[in-house]
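>>> The following block contains a protein sequence and its predicted model.
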Amino acid sequence: MAEELFPLPRGWVWSTIQSVTLDAQSGFASGKKNVPNGIKHLRMNNISADCNLDTSSVITVPTELARQAYLLKFGDILFCHTNSVKLVGKTALFDRTDGPYAFSNHLTRLRIGRIGPLPEWLWYWLSWLWRRRYFETRCKQWVNQAAVERKTLLASPIPVAPLEEQRRIVERVKELKKRNRIARDTLDGLHDLVRRFGESVLARAFRGELSDRDPNDEPAADLLKRVSLESKVRDDEEPLRSVRKGSKESTHDESKRPEIEGLYELPDSWAWTTIGTIETFIGSGITPLGGQNVYVSEGIPFIRSQNVYPDGLRLEDVVHVTPNMHAEMKRTHIRPGDVLLNITGASIGRSASVPNGFGEANVNQHVCIIRTGGQITPSFLSNFLNSTEGQDQIFATESGVTREGLNFSQIRGLRIPIAPMGEQKRIVKKIDELLTRVKMVENAAESAKSQTELLEQSIIDRAFHGKLCAQNPSDESAAVLLSTIEGERKALEKKPHGTQLEIVSTMRTRSSH
């Protein structure tokens, strides 16, 4: 007797997967082969998290491995019976016409005969069960894998509607899913548009296109001239510029400034310079001996590259070190106004400034502290480093994206535009205002996209509760359909094996009619 998960509409019945299919077949192991001109072989990773086929990473295996029994037909259902606990049960509809395709021993192919539920009906239902984690509690579990036995799959329940009602429901689901997909694609396009707008904000800001000139502002050239005539105030904790242990760098030579010609034209009151001209300290931290084991639940925040983002410091997963360890790493205590720059790893180039009132913190070796005098507003510098021009310089720097990452000399050589101090503050305020709006739109788009995902699940849920289409009293009942399927199965069992394959392979694609 089939398990009943919820009440069904009139004319529907609960049945089992075995009762609505004619064949359940596991595939064969590929042996990690990938040969030219072979048979395409679908594995568990070819069923995506949204229960569709993804053939972007399909492999090909020798033709002799793919016997007739392992070849897929249009309309077959592929059920992932072996995977991690959370992924076992993923199901896809085989709808490819660029075959031939075979399938892995981690997949079970379910095949419907000429009479039976629509392939989409079975596909939607098994996907519905997976999203509700039905198979998680019904599978055998190991350390890193779980498996649904064939008998468990075939005994799983399925609601069966009259065949004509199935057609109406499937067509309605397709229509709603298409609309939902268009909405999702539109939101993806909006995300890209918003991202490009944010980039244009920074590009315009550092060309002087977001701010007005004030004749009372001291020109940047005068500001820089004063810097060159006066000895810069050094970090009182580190009188000479620090270098990383083992580095061949020496203290910075002010007389050797990098070439800054050939850059885009700035407003008259602006000037190009380099980080090395205006910084008072550059240094990065260390990872304490013992790695993760030295972190404590409470203590001094220890900033790592995953905490540094263009929109600020994200501290949701920040780790902590003890006050004693923080004191030992005295050189890399961060201060309000410091600019942090990721200098190694996948996030190289991300920058953020430390806000006022931030409190005590330290950094590891993947994060560089750039401390400046009063010639530049910290957010002005960090925003420029995050701009297209800043990023292009970082990634074009010789050896800038090697395994070692950026070194201090390369950081000092980065060329930056300097606006008058008053204008810098106006620009930072305008950037904050515009990027706050960008973030609001991004958040709204992300929330809307999440809603489309929930809506798609709701569509399938309503479909199997009979709430998508009106019923027709003249439809042949589901009980009659199941009886007809049973008759087809018994007739098939009496045929020789080769004829059985031939009969099954002539299955209809009624849902497309």
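Perfect, thanks for sending it. Numbers count the residues shown, from 1 in each chain.

>>> Not counting sequence-adjacent ones, nearest residue to residue 410?
Of all residues not flanking residue 410 in the chain, residue 397 sits nearest, at 4.8 Å (C-beta to C-beta, 6 or more residues apart in numbering). (Glycine included, C-beta is placed from N, CA and C.)

>>> who's in contact with that neighbour?
406, 410, 413, 414 (C-beta atoms under 8 Å, 6 or more residues apart in numbering).

>>> quick one, phi/psi of the second one?
Backbone torsions of residue 410, given as degrees, to the nearest 10, read phi -70, psi -40.

>>> ok, now how distant is it from residue 276?
10 Å (C-beta to C-beta, to the nearest Å).

>>> For residue 441, what is the enclosing helix or strand?
helix 421-464 (DSSP states H and E).

>>> And the furthest pair within the contacts of residue 397?
Checking these against each other with C-beta to C-beta, the farthest-apart pair comes out as 406 and 413, at 10.1 Å.

>>> With pLDDT and distance to residue 42 as extra columns, can I get the contacts of residue 397 in TSV?
Compiled in TSV, the contacts of residue 397 are given as follows (pLDDT from 0 to 100; distance: C-beta to C-beta, whole Å):
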residue	pLDDT	distance to residue 42
406	91	43
410	93	47
413	93	51
414	94	49
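
>>> Which of those residues ranks first by neighbour count?
Each of the contacts of residue 397 was scored by neighbour count (other C-beta atoms under 10 Å); the top score is that of residue 406, with 23 neighbours.

>>> Who are the contact partners of the residue lying closest to it once chain neighbours are set aside?
Leaving aside its sequence neighbours, residue 406 sits nearest to residue 343 (C-beta to C-beta, 6+ apart; 4.2 Å). Residue 343 makes contact with 284, 366, 367, 368, 405, 406, 407, 411 under the criterion C-beta under 8 Å, 6+ apart.

>>> Just say helix, strand or coil for the closest residue to residue 344 other than its chain neighbours.
Spatial nearest neighbour of residue 344, chain neighbours left out: residue 405 (3.3 Å); criterion: C-beta to C-beta, 6+ apart. Here residue 405 takes the coil state, with states given by DSSP: H, G, I helix; E, B strand; the rest coil.

>>> just the one 4 residues further on next, same as before
Using three-state DSSP, the secondary structure recorded for residue 409 is helix.

>>> Lowest average confidence across helices and strands of the protein, where is it?
helix 497-505 (a mean of 43; mean pLDDT, DSSP states H and E).

>>> Quickly note the distance from the residue nearest to residue 406 to residue 410.
From residue 343 to residue 410 the distance is 9 Å (C-beta to C-beta).

>>> got it, and residue 291?
27 Å.

>>> likewise residue 474?
Going from residue 474 to residue 410 by C-beta to C-beta gives 78 Å.

>>> Any idea how many residues pack against the residue lying closest to residue 97 once chain neighbours are set aside?
Leaving aside its sequence neighbours, residue 97 sits nearest to residue 74 (C-beta to C-beta, 6+ apart; 6.7 Å). Neighbours of residue 74 under the rule other C-beta under 10 Å: 14.

>>> Then residue 189?
A count of nearby residues for residue 189, using other C-beta under 10 Å, gives 11.

>>> helix/strand/coil for it?
helix.

>>> Quick check: residue 25 is in a strand.
Yes. Under three-state DSSP, residue 25 falls within a strand.

>>> wait, isn't it in contact with residue 68?
No. Between residue 25 and residue 68 there is no contact under C-beta atoms under 8 Å: 11.1 Å.

>>> For these two, indicate the residue with more neighbours.
residue 25 (14 against 9).

>>> Not counting its neighbours along the chain, what's nearest that one?
residue 109 (4.9 Å).

>>> roughly how far apart are the one you found and residue 153?
Taking C-beta to C-beta, one finds residue 109 at 11 Å from residue 153.

>>> in the stretch 151-300 of the chain, which spans are strands?
157-160, 271-274, 279-284, 300-303 (DSSP state E, counting those that start in this stretch).

>>> ok, and what's touching the last one?
Yep, that's strand 300-303 we're talking about. Outside of strand 300-303, the residues within contact range by C-beta under 8 Å, 6+ apart are 295, 313, 315, 318-323, 325-326, 334, 340, 359-364, 367.

>>> Show me what that strand pairs with in its sheet, parallel or antiparallel.
strand 319-321 (antiparallel), strand 362-363 (parallel) (DSSP bridges).

>>> could you give the mean pLDDT of it?
For strand 300-303, mean pLDDT rounds to 96.

>>> Show me what the helix or strand just after it packs onto, helices and strands only.
Per DSSP H and E, strand 300-303 leads on to strand 308-309 as the next helix or strand towards the C-terminus. On a contact count with 3 or more C-beta pairs under 8 Å, 6 or more residues apart in numbering; DSSP states H and E, strand 308-309 meets strand 339-342, strand 351-353.

>>> Walk me through the domains of the chain.
Per automatic domain parsing, the domain ranges recorded for the chain read 13-162+476-512, 173-210+425-475, 218-419.

>>> As CSV, those with distance to residue 5 would be great.
Shown next, in CSV, are the domains of the chain (distance: least, C-beta to C-beta, whole Å):
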stretch, distance to residue 5
domain 13-162+476-512, 6
domain 173-210+425-475, 9
domain 218-419, 38
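
>>> among those domains, which gets the worst mean confidence?
Looking at the domains of the chain, the bottom one is domain 218-419 with a mean of 83.

>>> Now the terminal residues of it, how far apart.
Distance across domain 218-419, first residue to last, is 9 Å (C-alpha to C-alpha, to the nearest Å).

>>> Hmm, residue 204 and residue 383 touching each other?
No. The pair residue 383 / residue 204 is not scored as a contact, 11.7 Å apart, by C-beta under 8 Å.

>>> Which one of these two is surrounded by more residues?
residue 383 (25 against 17).

>>> which residues sit in contact with the more buried one?
Contacts of residue 383 (C-beta under 8 Å, 6+ apart): 202, 205, 206, 310, 428, 431.

>>> show me what contacts the residue nearest to the fifth one when sequence neighbours are not counted?
Read that as residue 428. Among residues not flanking residue 428 along the chain, residue 379 sits closest, at 4.5 Å (C-beta to C-beta, 6+ apart). Residues in contact with residue 379 (C-beta under 8 Å, 6+ apart) are 353, 428, 431, 432.
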